[in-house]
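Novice: show me how the following folds:
(2 chains)
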Amino acid sequence: MSAANGGDPLLDVRSVKTYFPIRKGLLQRVVGHVHAVDDVTLSVQEGETLGLVGESGCGKSTLGRTIVRLLEPTEGAVIFEGRDISKLGTRKLRPLRREMQMVFQDPYASLNPRKRVGSIIGTPLKIHGVDKGERRQRVQELLETVGLSPEHYNRFPHEFSGGQRQRIGVARALALRPKLIVADEPVSALDVSIQSQMLNLLDDLQKELSLTYIFIAHDLGVVRHVSNRIAVMYLGKLVELSPAEELYQRPIMPYTEALLSAVPIPDPDLSKERERIVLQGDVPSPINPPSGCRFHPRCRYMTDICKEVEPPLTHYGKGHYAACHHPLNVDKETLARATVSDRYTPAAADEGVKPEEPGKGKASPIPDSG
Amino acid sequence: MAERLIEVKGLKVQFATEDGIVRAVDGVDFQLSRGEVLGIVGESGSGKSVTAMTLLGLTRDRNTDFEGEVLYKGRNVLAMNEDELQDVRGNEMSMIFQDPMTSLNPVYTIGAQISEAIQVHERADKTTARRRAIDLLKQVGIPNADDRVDNYPHEFSGGMRQRAMIAMALACNPDVLIADEPTTALDVTIQAQIIELIDRLKDEFNSAVILITHDLGVVAEIADEIIVMYAGRVVERASTRDLFYDPQMPYTWGLLGSIPRLDRPKQDRLHSIKGTPPSLIRAPRGCKFRPRCPHAFDKCMEEPMLENRVETPGHLDRCWLSVAEKRQLREKTLSGEEAAA
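Specialist: Residues are numbered from 1 along each chain as shown, chains lettered A, B, ... in the order given. Sure thing, here's the model as predicted:
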C-alpha cells in the first residue's frame, strides 16, 4: 500500500470524546455516561491505511462512526481536509458524505433484503442527484470494479454468498468516489479463504482509486497485512500508535503484546513453543473505567503507580507512541529521550521483561492464570 | 490404545429441496478415541456442521436421507429411535454452537438453563442441580459464579456466554464434546481463552473433542488429527503435524496460504482461492475442487479416491498429482508468493 506522504493530513482527530448518556427512572435523568471514546487524538494522511484494533467494547467502532459523523462527538474536533466537521448539521454534512463512506461488518444485516442490488448501490447516487440512465451504467461499472458481474444488477442480496455481499457493501461505499473509507471489521464475518480475496480487493481499490482507509478489526494478523500504521485502543483510550511493522517487531504497551500473542499461528510446533499471554477476564465496563492506567487490572507488569496515575501517550521516536508506565522493548537511551511533557517520564522499563518477536520468543509466564 | 468412541463410515446426508437434492455430506469417514481432539476444517457449505449435527441426530427430517453408519461405542446413531437418541444427546455427546447469544434462551437465567440439562438427564433434584451448575460455572472460569448463576444471558459478555454454553455442554460429563466454530464470533483474546479452556476440560473430563472451524490457525495448537472437508467430502486427512508440514491437497495449501501470518515477514499480497465453493446440488464433474484449482489437469475430470499416497500411513488425500509434483507446486502457495487473480 502506498506510504504516507508528508503535508497536511486528510483527517485530524483532536481530543475527541464520544460519551453516551445512561438515563434512568421516570424522568429519564442522566445517571452516568458510557465513555466509549475518551480523548483520542490521531491523524490520517492521504493514501494511507490506518488500522484500528482492540477488543469488543474498546470504542474502535464508535470512533469510526464519529469520524464519518454517524455520531456527534461530545467534545473535541474532527478535521477533514482542513475543516472542522464535528459540529456540522445534517444539511451541511450532506456534501461531505460523498467524501467519506463506511463498509460495515455484517454483510447480512447491512444490506436491505427487499431491495435489488442495483437499487442498493444506486441509492447514494440518487441522493446526490445522478440521473437514472447514468446511474445504471455507473452501478454496473461498480459491480465490475468489485469483481461481481453487471448481470447481478437485478438480484436480491439473499442470492449472494457472504463474501459477495461484502463486495456489494464495498461497491455501495465506492459509489460516490469517496476519499476516505472507514471499514468496520469488513472481513471478520468471512471464511479465511474469502477473507483473503476481500483484503486483496481492498488493496487493489486503494491503488486504483487512491483511497484512504481506516481499517477497524480485532485481529492483528489481518490489520498488519493492510495497514501502514496501527492504532491500538483499550477502553476508549488510544494506548499505542505506531508504524505497522514497528508495532509488530517492538510492541511497547503490554496490551499490544497480549493482542499479538493471541493471534493463532497456523504452525503446530511454533504454536506449542510460544507461550501465549492469555489475558484473563473481559474488558471492564466503560461506565466506570478503572483508575490510572485502564489496562492495569489485566496487566501482568502492573505496579502501584499504574493504579493511580494515568500514563500519557508518549513518543518513543520513529512515530511510535504508547501510553504505559512500564514500556516494553525500549532501551534506556530512547527512554531518556521519550518525554511527553516536562513533567512526565515513564517509569524505568523493567529489566528482563523484554519479549522477543511474537510467535518466536518465549514470553515470561503469566503470573496468575486463575 | 484408548477406547474408540466414534466411528463414522461412509456417511452421506442428502436434503431434498425444491431445487433438487442437496448432497451436503457425501462420503465422510473418521474415528475418534477417548482423549483425542479431531479438527474438521473447511469453508462455509463444506458440510462440516451437517456432519457434526448428524452425529447427534439433529439433521433428522422427512426430507433428509442418510447413508452409511455413525457408530457411537458400537451403536448406530442413525438407527436409534428418539428416546435412545435423547439419552445419547447431552449425556454422552454434547455440542457447543457458534453463536452463544442465539443458542441461549434469553428469558431464563443461565443457572436455570444449566440445571435443566442436569435434571433431565440425571433426575437430580433442584438444589443439587443448582449446586452442580455453580460448580460447572466455576470450572469454566466464570468469576463470582454464586451470584452469576442467577444472571440472564444478556448480562454476560460474549466470552462469558460461550463459557456458559460450555458449562451446559459439560453438565452430564459427556464422552464427546462437539464444538462448532466455538470462537468465530469472539475476539482473538477471548478465542485464546476458550481454546485453552476446551483443551484443559478435555483432560479433566477425560473426553474427546471434535472442533469444527474454518480457520486452520485455531486447530493448529490443540488438534491431534485434522480432516479437511470440501463440497461434502473429506479431501485430506492427516495428523496435525503432517497436515501443516506436508499438506497434499491443493485446497489445503490454499487454506494455509490465505491466512495473514504474524510469524512471517509481511507479504505483498495474500494468496486467495479464486471463486466460491460449488453448488451441492449440481457438483462439478470429477474432482470437486477442480474448477478452483490452479493445478488441475486432464485427469482431474475423473474423481480421485481418498487414499494414502504419501510415505506416512494414515495420511489420506484426494489429488491426482504425484507426491513429488505436490511438494514442488505447493511451496509458492504456502509462502503466499503466488497470488491468484
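Novice: all helices for the stretch 151-300 of chain A, in order.
Specialist: For the stretch 151-300 of chain A, applying DSSP state H, counting those that start in this stretch gives helices covering A:162-174, A:192-209, A:220-226, A:244-249, A:254-262, A:268-273.
Novice: export the last one to CSV, keeping only CA atoms.
Specialist: Extracted C-alpha coordinates of helix A:268-273, given in CSV (Å, rounded to 0.1, in the frame of the first residue of the first chain):
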residue,chain,number,x,y,z
PRO,A,268,1.7,-26.6,15.3
ASP,A,269,5.3,-26.6,16.5
LEU,A,270,5.6,-22.8,16.7
SER,A,271,2.3,-22.6,18.3
LYS,A,272,3.2,-25.0,21.1
GLU,A,273,6.6,-23.5,21.5
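Novice: and the next helix or strand past it?
Specialist: Downstream of helix A:268-273, the next assigned helix or strand under DSSP states H and E is helix A:304-308.
Novice: which residue packs closest to residue A:111, ignoring adjacent ones?
Specialist: The shortest distance from residue A:111 to any non-neighbouring residue, by CB to CB, 6 or more residues apart in numbering or on different chains, is to residue A:157 (4.2 Å). Using the backbone N, CA and C atoms, a C-beta is placed for each residue, glycine as well.
Novice: from what I can see that neighbour touches residue A:109, true?
Specialist: No: under the criterion of CB atoms under 8 Å, residue A:157 makes no contact with residue A:109, lying 10.3 Å away.
Novice: what sits against the residue nearest to residue A:111?
Specialist: For residue A:157, the contacting residues are A:108, A:111, A:112, A:113, A:115, A:117, A:120, A:165, A:168, taking CB atoms under 8 Å, 6 or more residues apart in numbering or on different chains as the criterion.
Novice: now those residues: which count as buried?
Specialist: A:111, A:117, A:120, A:165, A:168 (16 or more other CB atoms under 10 Å in any protein chain shown).
Novice: so which of these comes closest to chain B?
Specialist: Proximity of those to chain B was ranked by CB to the nearest CB; the top entry is residue A:165 with 11.8 Å.
Novice: that closest one contacts residue A:108, correct?
Specialist: Yes: Residue A:165 is within contact range of residue A:108, at 6.9 Å (criterion: CB under 8 Å).
Novice: give the pairing partners of the lengthiest strand in chain A; include direction for each.
Specialist: Across chain A, the strand with the greatest residue count (assigned by DSSP state E) is strand A:29-44. When pairing is defined by DSSP bridges, strand A:29-44 lines up against strand A:11-24 (antiparallel).
Novice: alpha carbons only: can I get the partner strand in CSV?
Specialist: The C-alpha atoms that make up strand A:11-24 are tabulated as CSV, following Å, rounded to 0.1, in the frame of the first residue of the first chain:
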residue,chain,number,x,y,z
LEU,A,11,-8.1,13.7,8.6
ASP,A,12,-7.2,15.1,12.0
VAL,A,13,-8.9,13.8,15.1
ARG,A,14,-8.3,16.1,18.1
SER,A,15,-9.1,15.1,21.6
VAL,A,16,-12.3,13.5,20.6
LYS,A,17,-14.6,12.2,23.3
THR,A,18,-17.8,10.4,22.5
TYR,A,19,-19.9,9.6,25.5
PHE,A,20,-23.3,8.0,25.7
PRO,A,21,-25.6,9.1,28.5
ILE,A,22,-27.3,6.5,30.6
ARG,A,23,-30.8,7.5,31.6
LYS,A,24,-32.8,6.0,34.4
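Novice: spell out the residue ranges of the strands in the stretch 1-150 of chain B.
Specialist: With DSSP state E, counting those that start in this stretch applied, the stretch 1-150 of chain B shows strands at B:4-17, B:20-33, B:37-41, B:64-72, B:75-76, B:93-96, listed in chain order.
Novice: for the third one, what is the average pLDDT?
Specialist: Rounded to a whole number, the mean pLDDT of strand B:37-41 is 95.
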